[in-house]
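Novice: fold the following and give me the result.
(chains A and B)
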Amino acid sequence: MSVSDPVLVGLPSEAELQRRLLGTPARRGGRAWRIAFTITGLLTLYLFTMIGYTIAEGIGLWGNNIPAAWAFGIINFVWWIGIGHAGTVISAILYLFEQPWRTSINRFAEAMTLFAVIQAALFPVLHLGRPWFAYWLFPYPSVMNVWPNTRSALPWDAAAVTTYFTVSLLFWFIGLVPDFASLRDHAPTRRRRVIYGLFALGWRGDATAWRHYRLAYLLLAGLATPLVLSVHSIVSSDFAIGLVPGWHSTIFPPFFVAGAIFSGFAMVLTLIIPTRAVFGMKDIITPRHLDNCAKLMLTTGLIVGYGYIIEFFIAWYSGDPAERYQFFVARPTGPNAAVFWTMILCNIGVTQLLWWRRIRRNVAALFAISILINVGMWCERFVIIVQSLQREFLPSKWHGYSPTWVDLSILAGTIGFFSFLFLLFLRFIPFVSASEMKELRRELSHEEHTR
Amino acid sequence: MSTDDTLTQLSTGTELTRRDALKLFGAGIAMLQAGCLQRAGEEIRPSVRTPETSPGTPRLFATSMTIDGYATGLLAVSNAGRPTKIEGNPAHPASLGATLAVHQASVIELYDPHRLGAPKLRGAGTTWDQFRTELRTKLAGDIWLVLPPDGSPAVAAQLAAIRSRFPRTRVVHHSLLDRREAYRGAALAFGNPLEQQLALDRADVVVSLDADFLASMPMSVRWSHDFALRRRAVEPGQQPVRLFVVEPALTPTGSMADHRSAMRASDIAAAAVALVDQCNQLGIASIALPAQLRQTASARLGDRRWIELAARALQRQPRRSAIVVGDRQPAAVHALLYRLSLALGNVGATTSFTKPVVAAPLGEATLADLAGAIRANQVDAVLSIETDPVHDAPPELGLAGLLRQVPLSVHAAHYDGETSAACRWQLPLSHFLECWGDARAWDGTRSTIQPLIRPIHDTLSRLELLAMLAGEDFPDDRMLVRRQFGSDADWHAVLSEGVVANSAEPAVSVKPAGDDAIVRELTTLLAQPATPIEIDLAPSPSIGDGRFANNPWLQELPHPITKQTWGNAALMSAATAKELGVRSEQVISISRGPALVEIPALVSPGHADGCITIELGYGQRAAGAPISHGIGANAAVLGSMIARDAAVIARSRRSPLARTQLEFDRNHRETAFRTDLADYRKHPDQFAEHRGVQPSLLDSPRLPLELLQWAMTIDTTICTGCSSCVIACQAENNIPTVGASEVRRGREMHWLRIDTYYDESQPELEVVHQPMLCQHCEMAPCEYVCPVFATSHSPDGLNEMTYNRCIGTRFCSNNCPYKVRRFNWFAYDKPITTTALQKNPNVTVRERGVMEKCTYCVQRIRAAEIQSRVDKRPIAPGEVKTACQQACPTQAIQFGALQHTDTEMVKWRSLPRAYATLHELGTQPRTIYLAKITNPEEGT
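Specialist: From the prediction side, this is the model:
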C-alpha cells in the first residue's frame, strides 16, 4: 500500500455522499444499537453510582495506600487523556500539513477526543480527598487572596486539561456547523429542523461565510496544535517534578506525548474498524486510512520503546541505588510485575507486527493489535505510577498495591460512559464530515480531470 | 428515647446522637443542681509543679499505675476536668519522667465505651445494692479470692480485714507473668525470697539470660534510662557498656545486644551452667558444679562462643557487671546467677537485694488449687478481681465449668472477660484514673494513686470492692488510702509529689544458702531431653498478658520486632519454618493435651531454631469486648510458659497478618547507619558525607534566626524500639486507629513509626531501630508539589500542615521520601463516642480526605511561646518537649531550638556520627540521627 492508494474509493457522487453521510442521524437505531446503548447506559449509571459512593464514603473505598497514594484514579486519568490526543493530531496537525486522508476520520477522532477527555476529567476531581474543593486548583479571585501554587504541576494540569477540552470542543463544533446546516435543510420533521437549526447557527453557506469559516478553522487548528504537545507534557510533569525513583526523569514530556498519540491512534482504530463495517463505509474510510493510522502507531510505538530504553539506561548510568533498584529489580520482579511484562509485551512486542504490510492490511489483526496497545498503555501508566510508588527510598515503607472492586467498577464505568457517549454521537451527529468529504471529492475529481 | 435508654446506650457504647448528648448534658446539670452527689466531695490536690490554674491551662496530677503489683509513677494531664494524657512522674524511681507504651495508652481505656459500666447478675443489669444484699446473706465459709500480685499497703490492710472476718479465705495471686520463680530462685540462693535491684548506670557489662529488661519488665523504664546513660558513651574518652543477651525470640533488649545468642528457652539453663562453669575456670567464681551437670549443659549447647565472650567480659570488669534472668526461667537458673552475681562482687556495687514489694511473693495458692478445692466441694465463694482465670488457665483444668458450681461467683473487671460468662456476678471496676489507692514500686518506693475524675460509670475501685467484702457497706477508697498516711501535711505533700520520699526498701545483706538445692534442681531440669520443637510463651510487648487487649492503641501498636499489629503469630526461625514446611502467614496448629492453638506462622529474625515463640494476651473470646474479640490466638491454654512437648502441624490455610513494615533490609539506602565501636574509633569521619548542605541550584531557604529554629536529634544507639513514643504521639496528637484491614492495606495513621532494619548476614544479628517522623526538611519536597499551599514552611523551621486548606491530592505523600505523611482515607475519627473526651483540645481533629503528619508538637511550642510572652522572658532551653521525647525511657529523642547551643540536642548534631537520612536528596532535614554504635568484643 502506498501514498497513491485512494483515500476515497470510487468517487461517489455528491448526492450519494449527502445521503450516506448525513443520512445516519435519520436512520432508526437497529436492534444491535439498542442493546449496546442499553448496556453502556447501565454501565454509565453504575459509574455514577460508584462516584456517589466514593464521594459519600471516602477515597478509602479505592485501593490506594501509603506509599501508593496515587493509583487507579491517576492511571485512568493519564490513560484517557492520552487517548484523547489522536483526535487533535488528526484534525489539527494533519490539517496544517494538508494531509487529505484525515478528512474522513477527523470528526470521528475529535469526538473520541472529547469523550475521552470527559472521562479523564472525572478523575482529578474524584481522586481528591475532598473533591468539593476541586475549584481551589483554579486561580479564581478568592476573597482570601490565596492562589494556587504555581510551582506545583497540578494547577497547570487543571489549566491544561480544561483548555484542551475547550479548544477541542470548539474545533469539533466549528467543523460541524456546515453539516448541521445541511441536516437542518434536509430534516424530515420540524423538531429536528429546529434542533439542528439551533446548532447550525444560521449557516447559509455563502462565500463570505465560507471564507470566515476557513480562517476560523485554520486559527483553531493552529491553536490546537501546540496543545497536543503541551497537555501531555504537563501531565507528565505531575510525575517528572517529583523525586520518586521512576518519576524523576527529564525524558517524560516527549515520552508521554508519544505514548499519548500511540494510544490515541490505537483507540481510533478500535472504534473505526467496527464502525466502518457496521455503517458500510469501507469506501470512505479506506484501507489507506487504516494503514496510515497503523504506521503512526508504529512510529510513536518505537518512540515509546526508545523511552523505555532510555529510562533503564539512565537508571543504570546514574548509579543511584534507588533508581537502579526501581528499574532492575522492582519493575521486572517486584509486586505487580505481571503488569510490567504485559506492558513490554503489548507496547514493544505487539507493535513490531506493524512492520508487515500484510498485518497492516488485515483489519482483524489491526483491531486486535489496537486493543492490545490500549491495554499496554494502561499498563504503562500503572507501571509508572504504582510500581514506582511501591518501591521508593526507605525500604521500611515499601508496600504493595491492589485495587478494590470499586476501582475496577469505576474503570469499567468510564469505558461504558465513553462508549455511551460515542453511541449517541454515531446516532445523532454525522460522524464523517459531509462538507469536507464533498470538498475532497471535488478536489479528487478535479485532479482526475486535469490528469 | 428516655434518659435511661440513653444512659444504657452510653455505657454500652452505641453512638449517641447530638440530641441525646445534649439531653444528657442537661440531665447532668440538673442532677448537679439538685445536689444528688453519689458520695462526699473529694479533694484532689494538683501537683506543685503546675504554675497556676486558669481556664484552658492543663493541670497535672501525680498518680501511679500498677502492673502486677509494681507501680510506675505518672503525671496525668487534666484538661478542663478530663484526663487527656499520661506523662511519667520525674520524682518516681520507676519512671524518672518517662513511660512505657502501656502507660501512655491507659488513658484511652478510661473513655472506652466498651468498658463495663454497671453490675450484672447472670448477664442482666442490676445494682450494687443487690450485690450488697447477696454478700450479706451468702458470703461465708471458704472464700477464694483471685487477685493479681499486689504491693499496695491499703489492699493488704483490706485483705487482712477480710481474713479476720472470714478466716477460711484463700488468696490466689494470679498472673500469667508472675515472678514467683525469680523469688523462689532468691530463696534457693539466699534462703529468702528477695528482689534483685540493679544500678545499671554503674555496670560496664550486662548479661541477660532470657530477660527483656529494657522493655517488658516492671522496672524497664528506669533500667532503660540507666543503661542508655552508659550505652551512648561511645565518643572518644568514653567507654560504653557491653551487653550480652541469650534468648529464644528477638526482643528489644536482644536488639541492643553486642553479643547475642539465640537458643530455646529450655536451653538457657544449660547456658547458665556453662557460663558459671566458664567463670569458675577463669577463677572469678567458685560455685561447685558436679561434672555430670557440666557435661549435660555443655552437650545441650552448640556454640560456646557466646559463653566464652561473656565470661571473659565478666572477668575483665570485676564488680562492674550486672546479670538479669527472665521471669519465665525456672528458679534454679535465677538462683545460680544470683550466686554468680554475688561471687563476681556485684552485690553492693551494681546489684543489691531487697524485700519484695508484692504480698506473698512465693504465692499462697494457684488456680490448680482452686480447681481442686471446687472439685472437692470446698468452695463457697470465688471472687476473681482484675484477673481472667478462665482465659489464662489450660483447658484440662475445666475452670469455666467448675466456677459454675460455686454458689457465689464474682468476676470484677474492667471489661467483659471469659471468666464473666462462668460467674454469677459481673462487677465493673473503676479505671485507675477514677480510683484512690496506694502502690509500691519495684524498689519499694511508695506512691499514691489519685483520681482525676469521678467514676464515669457505676463502678467501684478494687479497694472499695475488697472493703465491701471486709464488711463495709459503703466504702470510700479515699478514706481507706488516707489511713495509710500520716499528718495532713504529709498526705498533701505525697499527693502533690506522688511519691513518699526515701521510702525505697533498704538493701538486705545476702549470703549463700548452700548449693545443693540449686544443683539438684538444675540436674532435674537438664535431665529432660531436648524435644524436636518447643513452644515458648512470652508477654506481648503491647498488650502484656491480655490485660490491655481491649486497648485499640495498643492493639494497633506495631510489634517492635515483627511490626505486626492486631494479633500474634507463631514466631520461628527460617530454618524451623523450613523444617516444619510452613511459610509466613500459613496457619499451623499446635496441640498439647486437650489444648489446641491455631495460629499463623511468621519467620522472625534472630529467632532460635527448634522452638516457636507465641505471645500471650490474644485470642480473647468474651463477646462483650469487641476490640479484642477473636484477635489472634490464645497461647495461654498450652499451660506452661515453656511447653516442651507440643505437637505442631502445618495447615494449608493462610491468614494474612496486619504488619506495618514488610521489608527489613536496608537495601543500601542512605539511612539507619550502624557500625561497631572499633570501626567508629578508626574511621570517625565515615558519616561526614551524609550530613551538611548539598550543593543546589535552588535558593537556600532564608529562615530568620531571630526566631527560635526548632530541630530534633535522635540517637539510634540507644533506641530500643520499645514504642512508647509511638503511643505518646498518638495520645498527644489525637491520632485515630484504623483497624487490622486498613493496616493490611497500608493505611495506619501513626505520625511516628519505628523503622527496624536487620542484617542477618553478619556473625552477629545487626538491628537498627530508627524512629521515623516528619523530618521537617528545610527544602521540603512535599511543599512545592502541593497545589493549594496546604503544606508550607513556617519561619521557625517547621513544615506545617493547614488541614483546612488541604484538598487531598496526596502529591505531598508521593513526594515525601521518608513516607511520613498520613492520609484520612475515611472519616477515621467518628466524632460522637465517649472516646472523644480523650482528645487533646489543642490539636485539631482531622476530617476525612486531608493529609496529616508530625508537627513537632507545634501546640507545645506555641503554648511555650505564649507563656514566655506573658512572662516577658525568652523560651528557656529544654522548655519545649515533644510528646515522643518526653515518653522516651532512654532519652534517645532530643528536641529544641538550634540557638540553644548548650542542649544535648544541638551538641549531638556536631558529633561525628550525626547524619541526615537520605542526605543525598538535598532535603536538608531538621531531624538529625546519630548512627548506631555497638560495642562488641574487638576482633570478633
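Novice: make it CA atoms for all contacts and neighbour counts henceforth
Specialist: Fine.
Novice: next, residue 250: secondary structure please.
Specialist: Chain wasn't specified; assuming chain A. coil (DSSP: H, G, I helix; E, B strand; the rest coil).
Novice: how about the closest residue to it other than its chain neighbours, what does it touch?
Specialist: Nearest residue to A:Thr250, sequence neighbours excluded (CA to CA, 6 or more residues apart in numbering or on different chains): A:Ala240, at 6.7 Å. Going by CA atoms under 8 Å, 6 or more residues apart in numbering or on different chains, A:Ala240 touches A:Trp247, A:His248, A:Ser249, A:Thr250, A:Phe252.
Novice: just A:Tyr213 next, same as before
Specialist: Contacts of A:Tyr213 by CA under 8 Å, 6+ apart are A:Ile174.
Novice: I'd guess it is in a helix, am I close?
Specialist: Yes. Under three-state DSSP, A:Tyr213 falls within a helix.
Novice: tell me the spacing between A:Trp156 and chain B.
Specialist: 9 Å (CA to the nearest CA, to the nearest Å).
Novice: make sure that residue is actually in contact with A:Thr150.
Specialist: Yes. Look at A:Trp156 against A:Thr150 with CA atoms under 8 Å: they come within range, at 7.3 Å.
Novice: ok, the two, which is more surrounded?
Specialist: More crowded of A:Trp156 and A:Thr150, by other CA atoms under 10 Å in any protein chain shown: A:Trp156, with 22 against 17.
Novice: contacts for stretch A:351-360 next, please.
Specialist: A:Met1, A:Leu290, A:Asp291, A:Ala294, A:Lys295, A:Met297, A:Leu298, A:Gly301, A:Ala365, A:Leu366, A:Ile369, A:Ile373.
Novice: do that again at 7 Å, thanks
Specialist: Outside of stretch A:351-360, the residues within contact range by CA atoms under 7 Å, 6 or more residues apart in numbering or on different chains are A:Asp291, A:Ala294, A:Leu298, A:Gly301, A:Ala365, A:Leu366.
Novice: closest one to B:Gln130 out of the residues you listed, please.
Specialist: Closest to B:Gln130 out of those is A:Gly301 (83.5 Å), distances taken as CA to CA.
Novice: so which elements touch the strand or helix carrying A:Phe425?
Specialist: For A:Phe425, the element it lies in under DSSP states H and E is helix A:405-428. When contacts are defined as 3 or more CA pairs under 7 Å, 6 or more residues apart in numbering or on different chains; DSSP states H and E, helix A:405-428 packs onto helix A:31-57, helix A:103-126.
Novice: what residues does chain A put near chain B?
Specialist: With CA under 7 Å from any CA of the partner chain as the criterion, chain A meets chain B at residues A:57-60, A:65-67, A:69, A:128-131, A:133, A:136-137, A:148-149, A:151-155, A:242-244, A:389, A:392-399.
Novice: how about the nearest residue to B:Leu918 once chain neighbours are set aside, phi and psi?
Specialist: Using CA to CA, 6+ apart and skipping residues adjacent in sequence, the residue nearest B:Leu918 is B:Glu670, 5.0 Å away. Geometry field for B:Glu670 lists phi and psi as phi -80, psi 70, criterion degrees, to the nearest 10.
Novice: over to A:Ser237?
Specialist: Dihedral pair for A:Ser237: phi -70, psi -20, per degrees, to the nearest 10.
Novice: same check on B:Ala335?
Specialist: phi -60, psi -50.
Novice: in the stretch 151-300 of chain A, what residue lies closest to chain B?
Specialist: Of all residues in the stretch 151-300 of chain A, A:Ser152 sits closest to chain B, at 4.3 Å by CA to the nearest CA.
Novice: mind listing what that residue touches?
Specialist: B:Tyr784, B:Val785, B:Cys786, B:Pro787.
Novice: of those residues, list those near chain A.
Specialist: Checking the contacts of A:Ser152 against chain A (CA under 7 Å from any CA), the matches are B:Tyr784, B:Val785, B:Cys786, B:Pro787.
Novice: rewinding a little: narrow the contacts of A:Ala240 to those that are buried.
Specialist: Neighbour counting with 16 or more other CA atoms under 10 Å in any protein chain shown marks A:Trp247, A:Ser249, A:Phe252 as buried within those.
Novice: just give me the closest of the residues you listed to B:Cys854.
Specialist: A:Trp247 (25.7 Å).
Novice: look up how far B:Arg810 lies from that closest one.
Specialist: With distances taken as CA to CA, to the nearest Å, A:Trp247 is found 15 Å from B:Arg810.
Novice: circling back: closest one of the contacts of A:Ala240 to B:Asp380?
Specialist: So of the contacts of A:Ala240, ranked by how close each gets to B:Asp380 (CA to CA), first place is A:Trp247, at 73.6 Å.
Novice: for the closest one, give me the pLDDT.
Specialist: Looking at A:Trp247, its pLDDT is 94.
Novice: can you pull the contacts of it?
Specialist: A:Phe239, A:Ala240, A:Ile384.
Novice: again, 6 Å this time
Specialist: A:Phe239, A:Ala240 (CA atoms under 6 Å, 6 or more residues apart in numbering or on different chains).
Novice: cool, and B:Leu399?
Specialist: B:Val390.
Novice: cool, and B:Cys774?
Specialist: Neighbours of B:Cys774 in contact, by CA under 6 Å, 6+ apart: B:Val820, B:Cys854.
Novice: could you check which helix or strand contains it?
Specialist: Using DSSP H and E, no helix or strand contains B:Cys774.
Novice: report the buried members of the residues of chain A next to chain B.
Specialist: A:58-60, A:65-67, A:69, A:128-131, A:136-137, A:148-149, A:152-155, A:242-244, A:389, A:392-399.
Novice: with adjacent residues omitted, what lies nearest to residue 102?
Specialist: If you meant another chain, say so; for now it's chain A. A:Arg102 sits nearest to A:Ile90 (CA to CA, 6+ apart), 6.0 Å away.
Novice: looking at chain B here, not the other one
Specialist: Nearest non-adjacent residue to B:Val102 (CA to CA, 6+ apart): B:Ser542, at 6.7 Å.
Novice: got the phi and psi for B:Tyr757?
Specialist: phi -120, psi 140.
Novice: then B:Ala827?
Specialist: According to degrees, to the nearest 10, B:Ala827 has phi -80, psi 80.
Novice: now for B:Ala513: which residues touch it?
Specialist: Contacts of B:Ala513 (CA under 6 Å, 6+ apart): B:Ala189, B:Phe190, B:Gly191.
Novice: burial measure for residue 95, as a count.
Specialist: In the absence of a named chain, chain A is used. 21.
Novice: wait, I meant chain B there
Specialist: 26.
Novice: then the one 3 residues further on?
Specialist: Residue neighbour count, defined by other CA under 10 Å, stands at 32 for B:Ala98.
Novice: pretty sure it contacts B:Gln891?
Specialist: No. The pair B:Ala98 and B:Gln891 fails to qualify as a contact (CA atoms under 6 Å) at a distance of 8.4 Å.
Novice: picking up where we left off before, give me the phi and psi for the spatially closest residue to the residue of the stretch 151-300 of chain A closest to chain B that is not a sequence neighbour.
Specialist: Excluding its sequence neighbours, the residue lying closest to A:Ser152 (CA to CA, 6+ apart) is B:Val785, at 4.3 Å. Dihedral angles of B:Val785 (phi, psi; degrees, to the nearest 10) stand at phi -90, psi -10.
Novice: also the one 3 residues further on?
Specialist: The phi and psi torsions at B:Val788 (degrees, to the nearest 10) take the values phi -120, psi 20.
Novice: fine by me, we can end here.
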